[in-house]
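Q: what would the 3D arrangement of this be:
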Amino acid sequence: MSGRGWGAGALAFASGIFVADTGEGPASGWLVGGAVFWLAVALGCLRAHPVAARGCALALLFLSGALRLELRLDDVREDRRRLEALTPGAIHRLEADVTARREQRFGFEVELERVRGLAPGRLPERLLLFVPTDDTPGRPDRLLVKGQRVRLGVRVDPVEGTRNPGSRDAARSAARRGFAVRARLVDPGWVVGVGVGETGEGVFRRNLIRLVRPRLEAFGGGGLALALVLGDRRSLSDETLSAIRRLGLSHLMAISGLHVGLVGASAAWLVARRRGPPTGRRRLLASAVGVLAAGGYADLAGAGPAVVRAVLLLFVASVALPLRRPLRPMPALALVALVLGVAEPGWFFDLGAQLSFAACGGLAFVFAGRAGAVRAWASGPRLAGFVRASSTTTLAASFAVAPWLASAGLPLVPWTLPSNLVAVPALGFLVLPASFGAVAAAVTGDLLPVAPWLLPLAGFEAAACYAASELPVPRSLDGLNAPILWIVCLTGLALVRCQAVFGAAALWGVVALVGAPPGGSLGRFPEVPRVVFLDVGQGDATLVEGRTARILIDAGRGTGRADAAGGVERALRALGRGPVDVLVVTHGDADHRGGALALLRRRWAEALWLPAGARADPRLEGLAAEAAALGVPVRWVSAGERLTTGDIVTDVLGPLPASGGWTRSTNESSLVLRVELPEMRLLLTADIGLTTEAALRGTGFDLRADVLKVGHHGSAGSTGPDFLTAVDPAITVVSAPCRPRQGLPNPGVLARLEVSGARLAWTGRDGAIGVARREGEWAVAQWGEARRCPADPGPGAPQLLAGEPGRSLLDERPLRFARIRRLAERLAQLFLASIGILETHSLELPDSAQSRANGEGGIRGNMVRDLEDAVHQTVRWNELVDQADSKRVLGIDRFGGIEQMVGVDCIDLSGEGDGRLARRVEAKGDLLECEGCFGDGVAQLAA
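A: Coordinates of the predicted model:
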């Protein structure tokens, strides 16, 4: 096949995949029929006319690509149907094969296939399982390896789609990989290996990381060595990652074709230059060694699409060398793309693969047929030729990947050209070799010193952090839509090909400063003035937008990560209009102020307002100090103030002086804001409770509002009936997750809101919510697809009375017969514990109210004796657990111990004295292996 033929074939195959991705409904039958038809036509046309035969071949490739993805999407739809038939929140015992594992910074993701339930009922056949990790490897880290057959206990949920403007559609991304359902372990101890054992792929790499990571982390630069050699970026500091992103050098931290090419080319060069001038046989040997070195490095670092692409290109080049065939870049790239698409169609949608192929395509376009120009650059002064060649390469890759970066919501960096001119040579000649040397020294233990190898890496990190701190933070205008951005980038590639490097560099600076909005920005929300309630889980982030101003009230949950405000920042970019005029933090809880500092550091707020009544809160004092250091004006606001920002008028109603002053409970000291927009009034109550609500009613403030942001995420201690009557809203908004955490949102409150006559909007159910009013007509839109939520009081759900329901003394949920029965059983167990029938080890009760009833918060029971005599009797103690997410479960470790989930003293059964018992427990098997272990008692963990 000719070079053009490979390109057309790859394009036809990829087009079929993209068409299948945009289609709706199963079409496998049509695709199979079409493929058979076009195959017959192709066979008939082979002897008729070459052009017709090529057309039929391209049509066949198009249908093959569509069929390749459509068959996978059919499996996804079947898994969704199976999930809908399952009981939400139930615990499932299952066996599955681990087919893939991807290391991530805060854990790892596992693909489970050939899932088989250990109880009646059909489970989805494929699951995505994410396991958070810490520095101490546990059972999941040891057992969830590729090639292992495992037995585990999980809860399953659908993979959710986009929930906020600017956020990616996780459901669609997972479906392209063949997954519709995500799973989460009930507990880390509920994993058992029943198959191959720890011989799966990637075990050597993980063991190597465990060996060298402590030794490298003891010195500066060790995290960079782990990232560049083993692909483990967990040890890189947030400061380093942020600096690398700001300099436009993120591609250097993620192992890609650049790194593989450097390793392969270096190995080949060393072999080719050994003992005299290179010969044809030596070139062939050097090429083979280069491919093997690149492949070994790719496997060691955890091969991704970009890395596999680079290795395949090197392999194609090594094959073309002995055949004495010229290697043309575009056909070779098309061949590799076709091979990868056939092997894994989902890789066409992987951002890393898209960037890798786009960069290679840009370089191929610029340098194709330009060998003479390249030799002319090389023949001139070395420094000038190097700068010119490097600038051309950097600009070509930058223009090629810019549209893909913008569609993913990633920024375009103005100074990527000078950054790469310095960093890429440093990486190739100094940083990468030193990284390999540091890892090798760490493997030898104390035989070789590690510190000297890490000096260049520590210097590279320090230089990057210093340069990033000195550079101004660019503020993208998001002024280029997708078609214009594509036209500008193609123009830039043409300038680079014509050797107009200075003009191309100037054009890149303009493109990066003007910027482009992220993909998914075209909205479903009404036009301004409007208010947008973002879906940040159990947290608050409310964007009030007038025609001339924007105010952000709270910034979502804090994660302790560098991307704490990532979702909020992406939403702000997607909704457009640049930074907000004011960022308001209502109080110091992490689910309200969590992303504030990150937004301030990224210049997303012109001013900061904080509650004067909570001025003694050290968390808010620290935030104010950081804002002042960044040059952001800080204002402490008090009840009674009226503040005007553009066409937005904000009245501060609380905290009232009587309830002011920061206390151990910050909720009652939250800011209460009444915000007025043209034709709309909002009341935002943060986390206040019934006490502050009553105080506000007694002040004489006009509490009436069109939209009420329900207090404390729908807690039973907020939004009382009298307060709801005083506000008399047309729309109520609950900012809380779909599945209640810590009892939030409370079903009784949701039911009260539903029957109040106001329209209920719920971020956990509806995604981000946009509200506007035009000429008296309400416009309410949701960003995500509606979820099925257990506490949803909508049609078909049990309707509770609007009045306050009866409450138990031990928690705030409505009394029902089942709860009365379980409460009586618990009280009976507590009574037996108090008279000493159960002895030795303490099991802590999860419910804080029950812990108060027990006095010391625990019961005592001889767990070892129960496990030795009857495993089933021990498992019944799980009925004491009220929240499965609290993970208070007893597990048996196959390696000879009882693992403590929460509240159980860990008992080692591996010693000689307990050897008999350990063998007897092993004979009975793990809790996951015994029938009935996940009976009704455990299934009610989330009740």
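
Q: quickly note the distance from T133 to R210.
A: T133 is 12 Å from R210, where distance means Cβ to Cβ, to the nearest Å. C-beta: built from backbone N, CA, C; applies to glycine.

Q: for I255, same thing?
A: 19 Å.

Q: and the two? Which one has more around it.
A: Using other Cβ atoms under 10 Å as the criterion, I255 and R210 rank with I255 on top: 27 against 12.

Q: the more buried one belongs to a helix?
A: No: I255 sits outside any helix when classified using DSSP: H, G, I helix; E, B strand; the rest coil, being coil.

Q: which phi and psi does it have?
A: phi -60, psi 120 (degrees, to the nearest 10).

Q: go on, T650?
A: phi -120, psi 120.

Q: what's the helix or strand for the residue nearest to it when sequence neighbours are not counted?
A: Nearest non-adjacent residue to T650, counting by Cβ to Cβ, 6 or more residues apart in numbering: L643, 4.6 Å away. For L643, the host element (DSSP states H and E) is strand 642-645.

Q: what do you get for G770?
A: Per DSSP H and E, G770 falls inside strand 769-774.

Q: what helices or strands is that strand leaning on?
A: strand 530-533, strand 680-684, strand 731-734, strand 777-782 (3 or more Cβ pairs under 8 Å, 6 or more residues apart in numbering; DSSP states H and E).

Q: what's next to the third one, contact-wise?
A: Contacting residues not belonging to strand 731-734 are listed as 533, 706-710, 713-714, 745, 750, 753, 756, 758-764, 769, 771, 778, 780 [Cβ atoms under 8 Å, 6 or more residues apart in numbering].

Q: the residue nearest to T650 contacts L673, doesn't it?
A: No: the pair L643 / L673 is not scored as a contact, 9.3 Å apart, by Cβ atoms under 8 Å.

Q: now do the contacts for the nearest residue to A100 once chain neighbours are set aside.
A: The shortest distance from A100 to any non-neighbouring residue, by Cβ to Cβ, 6+ apart, is to E111 (4.1 Å). Applying Cβ under 8 Å, 6+ apart, one finds that E111 lies in contact with 98-101, 126-129, 177, 179.

Q: need the buried ones from those residues selected in PyMOL.
A: For the buried members of the contacts of E111, the matching PyMOL selection, counting by 16 or more other Cβ atoms under 10 Å, is:
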select buried, resi 98+101+126+127+128+129+177+179
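
Q: which of the contacts of E111 lies closest to D446?
A: R101 (31.7 Å; Cβ to Cβ).

Q: could you chop the protein up by domain?
A: Domain assignment of the chain by automatic domain parsing yields the ranges 3-81, 87-201, 205-514, 530-782, 817-939.

Q: which of the ones you listed has the highest mean neighbour count?
A: When you average the neighbours per residue for each of the domains of the chain (mean count of other Cβ atoms under 10 Å), domain 530-782 leads with a mean of 21.

Q: now do that one: distance from first to last residue.
A: Across domain 530-782, the terminal residues are separated by 13 Å (Cα to Cα, to the nearest Å).

Q: just to revisit the earlier point, nearest to V115, out of the helices and strands packed on strand 769-774?
A: For these, proximity to V115 was assessed by Cβ to Cβ; strand 777-782 is nearest, at 31.8 Å.

Q: max-length helix in the chain?
A: In the chain, with assignment by DSSP state H, the single longest helix is helix 50-84.

Q: which elements pack onto it?
A: Under the contact definition 3+ Cβ pairs under 8 Å, 6+ apart, helix 50-84 sits against helix 3-22, helix 28-45, strand 149-158, helix 170-177, strand 181-185, helix 329-343.

Q: try 6 Å
A: helix 3-22, helix 28-45 (3 or more Cβ pairs under 6 Å, 6 or more residues apart in numbering; DSSP states H and E).

Q: ok, of the ones you listed, where does mean pLDDT dip lowest?
A: Least confidently modelled of the helices and strands packed on helix 50-84 is helix 28-45, at a mean of 60 by mean pLDDT.

Q: mind checking the SS state of R101?
A: R101 ends up strand, using three-state DSSP.

Q: please, where are all the helices along the stretch 301-450 of the chain?
A: 305-320, 329-343, 351-367, 371-379, 382-407, 416-426, 432-443 (DSSP state H, counting those that start in this stretch).

Q: lowest mean pLDDT across the ones you listed, which one is that?
A: The lowest average pLDDT among the helices of the stretch 301-450 of the chain, as it happens, falls on helix 371-379, at a mean of 59.

Q: mind listing which of the contacts of strand 731-734 are in strands?
A: Among the contacts of strand 731-734, the members found in strands (DSSP state E) are 533, 707-709, 759-762, 769, 771, 778, 780.

Q: and of those residues, the nearest to L623?
A: Nearest to L623 among the ones in strands among the contacts of strand 731-734, counting by Cβ to Cβ, is K709 at 21.5 Å.

Q: against G770, how distant is that closest one?
A: Distance, K709 to G770, by Cβ to Cβ: 14 Å.

Q: now L583
A: Between L583 and G770 the distance, using Cβ to Cβ, works out to 20 Å.

Q: cool, E606 as well?
A: Counting by Cβ to Cβ, the gap from E606 to G770 is 23 Å.

Q: before we move on, back to that, the strand holding G770 pairs with which strands?
A: According to DSSP bridges, strand 769-774 forms sheet pairs with strand 530-533 (antiparallel), strand 777-782 (antiparallel).

Q: host element of the nearest residue to S235 once chain neighbours are set aside?
A: Spatial nearest neighbour of S235, excluding adjacent residues (Cβ to Cβ, 6+ apart): G223 at 3.4 Å. For G223, the element it lies in under DSSP H and E is helix 222-230.

Q: helices or strands next to whichever helix or strand T240 is part of in the packing?
A: Assessed by DSSP H and E, T240 sits inside helix 238-246. If you count contacts as 3+ Cβ pairs under 6 Å, 6+ apart, helix 238-246 packs onto helix 451-470.

Q: tell me what angle the helix it packs on forms with helix 238-246.
A: Here helix 451-470 points in a direction 60 degrees away from that of helix 238-246 (axes from the mean of the first three to the mean of the last three Cα atoms, to 10 degrees).
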